[in-house]
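Undergrad: Below are the sequence and a predicted model; questions follow.
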2 protein chains.
Amino acid sequence: MPTVTEVPERLLLGSGPSPVPERILKALSHPTVGHLDPAFGAIQDDVAAMLRATMKTDNKVTFPLSATGSGGMQAMVDTLIAPGDRVVVGVHGAFGARMADALGRAGADVVKVDQEWGRAIPVERLLEALDDRTRALFVVHGETSTGVAQPLHGLSEAIRMRDGLFLVDCVTSLAGHTLDLDAAGVDAAFSGTQKCLNVPPGLAPFTLGDRALARLRRRSWYFDMQAMVDYWFADGPRAYHHTAPINMVYALHEGLRIVREEGLDARWARHARAHDALRRALRVLGFERLAPDGEQLSSLLAVRVPASIDEAAVRGALLKDDGIEVSGGLGPLAGQAWRIGVMGEGARPEPQERLVRAVARRVAASDEDAAVRALEEAWA
Amino acid sequence: MPTVTEVPERLLLGSGPSPVPERILKALSHPTVGHLDPAFGAIQDDVAAMLRATMKTDNKVTFPLSATGSGGMQAMVDTLIAPGDRVVVGVHGAFGARMADALGRAGADVVKVDQEWGRAIPVERLLEALDDRTRALFVVHGETSTGVAQPLHGLSEAIRMRDGLFLVDCVTSLAGHTLDLDAAGVDAAFSGTQKCLNVPPGLAPFTLGDRALARLRRRSWYFDMQAMVDYWFADGPRAYHHTAPINMVYALHEGLRIVREEGLDARWARHARAHDALRRALRVLGFERLAPDGEQLSSLLAVRVPASIDEAAVRGALLKDDGIEVSGGLGPLAGQAWRIGVMGEGARPEPQERLVRAVARRVAASDEDAAVRALEEAWA
């Protein structure tokens, strides 16, 4: 039986996981301690504080849930939505559709506001779908399937007026695209660790405000948020619920320290610049961005692959021969688009140049030098 | 903000997590690759094969769920139990009670078969509780709260005759106590990584046989077992469901390789011997095992703490001053018992001697040398 050391190194420029820096891998492999050890408790307190800063929220209940980002979505459904609840869901890509599916399974009365994949949903259309029976409004801030950022402002007031909750998926946007959860009036949000935080997959950063806390359901044992509050934010001794994924929390701690060192504004600006640079370079090679100007998500560049290119074959060769991962399209974009991560350490000139050169060499009659020049000029 | 490197090293001899060997920490921190990368696919296939061997099952659908052991419990409930289902649950400790709670939240008609904490449940009592409406029988094989192993034989036939499922929690027993899931006729079981596998917490090894697969419910999006089958066991390309916790799967791969190297029979025998050795040594110091002979769980030694000892103070000092973690009692045993892990690398003479010496020095008028001699003789 071979060991995992035979798994080759990859440059992860797909939709996630993203490149994990050595510092984070080192934290990940720090010796495990117990989940009730006071030394781990101090790490938990740090993680909660840094996560609040990164999410821009004062919510006390801000912590990493013991599941991947999609587990965060499930926890949101299980803990905040009751059967029969009318929930308005913006669907402008695979992750809005996924939430609509999850809500439907839980017995919610799901009202979808559909929008063409590759465009943001006009705020007015979401507002029109709200009525006095609406218990929640859900949108995906960073659509990983299309590279579109959904505007959040102007929504919170309307749903709060109806005593409903404003729920957000910020899996791909957190720490890579401008996002201020409290300013946007978000009541609950989930994220993932394997995107702009550059931490391996396995945890779902989660935040719950007071209005959400007042509505907690305890249907699920594992996703019982009150039990997590009693573990993460106990006034006295932490109450055992389940065994926290200790080493993953270590890794997140280091990922959040890196965000803190750079500063959130600088990090957002770097991601925006990296997105623009890569877009310009790939345009030279014939790849056009799906999202129109002003609707793009800094952390994910989704491009239409020129018809002259066998996208699956080129994508396969990039992985196999160049060791570079980019992601294919999902749903209606399968076979037509690439999704390229611009996430944390992936949002730097060096990995981007490596990708641009590798793509140029696989695209007939392309100008590698011109593409790299476009990248360099945008970064200069 | 301090780094996680300031978290002290501990000797983990509590109820889990258990001591994580360097080999596993190294695998954990191998560079992350994508969840659809063929190189990761090969690791998945290895993990499934080694997990089948460790669980002693031919079930194709045997894989690590992306959540901790308790998440495995929740997935079992969400995927196999419908509201109104009559489910018989053996409750002889905290983890049977937890399952009864989780089932009740999901709307099941829960029939508890209660037994004194510290004893196994007589098989006849479980059989008596079954009737023709019973859809499932659940028992905890290794009760982590009491250190008792529940006999599994003689149950499967009775529940299958009624077309119900036989469901088992093997969190603490897997790879540490004799367990043959197929021979016991188990239809579905979950485990955890942080016990006898010595892998950090974060995954739930899970297995589903054909009778369970025929009953899958798809209420939960995250715990949708059919979707996991399409990712882990696809005939063609693996279908994306959620992003697997890549590095945790690496660590599990290495943990299972270690089990394979030792051999399951030898590993079970070593755990039984280690349990007996530690029991003898602690008895010299006045600690008596809860479980009667023949009912003990090799991988967890639960002992009654002598009334002369302030258990919380001594346990705290062991952690703080000696760097050794043991666990306190749960529920009715709080303040009265210690739960000592005999798990994987913790089931060896060296860590046990370190614990015995540390305890002896904190117990007035105890005979450290006699206790260590008892340990050595049992290991000789």
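TA: Received, thanks.

Undergrad: can you give me the mean pLDDT across stretch A:40-49?
TA: Stretch A:40-49 shows a mean pLDDT of 98.

Undergrad: number of nearby residues for the residue of the stretch 251-380 of chain A found nearest chain B?
TA: Per C-beta to the nearest C-beta, residue A:325 is where the stretch 251-380 of chain A lies closest to chain B, at 4.9 Å. In short, each C-beta sits where N, CA and C put it, glycine included. Residue A:325: 25 surrounding residues under other C-beta atoms under 10 Å in any protein chain shown.

Undergrad: Run a quick check on it versus residue A:8, I expect a contact.
TA: No - with contact defined as C-beta atoms under 8 Å, residue A:325 does not reach residue A:8; the gap is 10.9 Å.

Undergrad: any common contacting residues for those two?
TA: residue B:33 (C-beta atoms under 8 Å, 6 or more residues apart in numbering or on different chains).

Undergrad: follow-up on the earlier one: just give the nearest non-adjacent residue to the residue of the stretch 251-380 of chain A closest to chain B, would you?
TA: residue A:14 (4.4 Å; C-beta to C-beta, 6 or more residues apart in numbering or on different chains).

Undergrad: What score does the one you found have for pLDDT?
TA: pLDDT at residue A:14 comes out at 98.

Undergrad: wait, it sits on residue A:343?
TA: No - using C-beta under 8 Å, residue A:14 is not in contact with residue A:343, being 9.5 Å away.

Undergrad: outside of whichever strand or helix holds residue A:321, which residues touch it?
TA: Assigned by DSSP states H and E, residue A:321 belongs to helix A:311-322. Contacts to helix A:311-322, defined as C-beta under 8 Å, 6+ apart, come from residues A:10-11, A:305, A:324-326, A:328, A:335-336, A:338, A:354-355, A:358-359, A:362-363, B:37.

Undergrad: Please narrow these to those residing in helices.
TA: For the contacts of helix A:311-322, the ones inside helices are A:354, A:355, A:358, A:359, A:362, with DSSP state H as the criterion.

Undergrad: Counting neighbours, which of the residues you listed comes out on top?
TA: Ranking these using other C-beta under 10 Å puts residue A:359 first, with 26 neighbours.

Undergrad: How about that residue, nearest residue that isn't a chain neighbour?
TA: Nearest to residue A:359 is residue A:285, by C-beta to C-beta, 6+ apart, at 5.9 Å.

Undergrad: and the one you found, how many neighbours does it have?
TA: Residue A:285 has 20 nearby residues by other C-beta under 10 Å.

Undergrad: Contacts only, for it.
TA: Counting by C-beta under 8 Å, 6+ apart, residue A:285 has contacts A:356, A:359, A:360, A:363, A:366, A:367, A:371.

Undergrad: Just the buried ones from those residues, in ChimeraX syntax?
TA: Restricted to buried positions by 16 or more other C-beta atoms under 10 Å in any protein chain shown, the ChimeraX selection for the contacts of residue A:285 reads:
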select /A:356,359,360,363,366,371
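
Undergrad: Does residue A:239 touch residue A:229 like I think?
TA: No - the criterion here is C-beta under 8 Å, and residue A:239 misses it with residue A:229 at 9.3 Å.

Undergrad: pLDDT on the longest helix along chain A, on average?
TA: Secondary structure of chain A per DSSP H: the longest helix is helix A:264-284. Mean pLDDT, computed over helix A:264-284, is 98.

Undergrad: Quick one: check that helix for contact with chain B.
TA: No - Helix A:264-284 lies out of reach of chain B by C-beta under 8 Å from any C-beta of the partner chain, never closer than 14.7 Å.

Undergrad: Buried ones in that helix, by neighbour count?
TA: A:264, A:267-268, A:270-282, A:284.

Undergrad: Where do the helices of chain A begin and end?
TA: So, for chain A - with DSSP H - the helices run A:22-28, A:38-55, A:69-80, A:94-105, A:123-129, A:156-161, A:210-213, A:225-232, A:246-262, A:264-284, A:311-322, A:349-362, A:368-379.

Undergrad: want to throw those into a markdown table with distance to residue B:320?
TA: Rendered in a markdown table, the data for the helices of chain A read as follows (distance: least, C-beta to C-beta, whole Å):
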| stretch | distance to residue B:320 |
| --- | --- |
| helix A:22-28 | 23 |
| helix A:38-55 | 8 |
| helix A:69-80 | 34 |
| helix A:94-105 | 44 |
| helix A:123-129 | 54 |
| helix A:156-161 | 46 |
| helix A:210-213 | 34 |
| helix A:225-232 | 21 |
| helix A:246-262 | 18 |
| helix A:264-284 | 37 |
| helix A:311-322 | 49 |
| helix A:349-362 | 45 |
| helix A:368-379 | 51 |
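
Undergrad: and the ones you listed, which is most packed in?
TA: helix A:69-80 (a mean of 27; mean count of other C-beta atoms under 10 Å in any protein chain shown).

Undergrad: what's the angle between it and helix A:94-105?
TA: Angle, helix A:69-80 to helix A:94-105, by axes from the mean of the first three to the mean of the last three C-alpha atoms, to 10 degrees: 40 degrees.

Undergrad: Please see if helix A:69-80 touches chain B.
TA: Yes - Helix A:69-80 reaches chain B (C-beta under 8 Å from any C-beta) through A:69, A:70, A:71, A:73, A:74, A:77, A:78.

Undergrad: Pull the distance from that helix to the chain's centre.
TA: Centroid separation between helix A:69-80 and its chain, computed with C-alpha atoms, centre = their mean, to the nearest Å, is 14 Å.

Undergrad: helices or strands next to it in the packing?
TA: The helices and strands touching helix A:69-80, judged by 3 or more C-beta pairs under 8 Å, 6 or more residues apart in numbering or on different chains; DSSP states H and E, are strand A:61-65, helix A:94-105, strand A:165-169, strand A:188-190, strand A:204-208.

Undergrad: any idea of the mean pLDDT for it?
TA: Helix A:69-80 comes out at a mean pLDDT of 98.

Undergrad: for stretch A:136-147, same thing?
TA: On average, stretch A:136-147 scores 98.

Undergrad: how about it as CSV, C-alpha atoms only?
TA: In CSV, the C-alpha atoms belonging to stretch A:136-147 read as follows (Å, rounded to 0.1, in the frame of the first residue of the first chain):
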residue,chain,number,x,y,z
ALA,A,136,-35.9,34.1,5.5
LEU,A,137,-34.1,35.4,2.5
PHE,A,138,-31.0,33.5,1.3
VAL,A,139,-28.4,34.6,-1.2
VAL,A,140,-24.9,33.3,-2.2
HIS,A,141,-22.5,36.2,-1.9
GLY,A,142,-19.8,34.6,-4.0
GLU,A,143,-21.1,32.2,-6.6
THR,A,144,-18.3,29.7,-7.1
SER,A,145,-20.0,28.3,-10.2
THR,A,146,-20.0,31.6,-12.1
GLY,A,147,-17.5,34.0,-10.5
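
Undergrad: domain ranges for chain A?
TA: A:10-15+A:264-379, A:22-261 (automatic domain parsing).

Undergrad: coming back round to it: how about the CA coordinates for the helix holding residue A:321, as PDB?
TA: Taking Å, rounded to 0.1, in the frame of the first residue of the first chain, the C-alpha atoms of helix A:311-322 are listed here in PDB:
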ATOM      1  CA  GLU A 311     -11.400  22.100 -22.700                       C
ATOM      2  CA  ALA A 312     -11.500  18.800 -20.900                       C
ATOM      3  CA  ALA A 313      -8.300  17.600 -22.700                       C
ATOM      4  CA  VAL A 314      -6.400  20.800 -22.000                       C
ATOM      5  CA  ARG A 315      -7.600  20.900 -18.400                       C
ATOM      6  CA  GLY A 316      -6.500  17.300 -18.000                       C
ATOM      7  CA  ALA A 317      -3.100  18.000 -19.500                       C
ATOM      8  CA  LEU A 318      -2.600  21.100 -17.300                       C
ATOM      9  CA  LEU A 319      -3.200  18.800 -14.200                       C
ATOM     10  CA  LYS A 320      -1.300  15.800 -15.400                       C
ATOM     11  CA  ASP A 321       1.700  17.400 -17.200                       C
ATOM     12  CA  ASP A 322       2.000  20.800 -15.600                       C
END
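
Undergrad: Cheers, nothing more for now.
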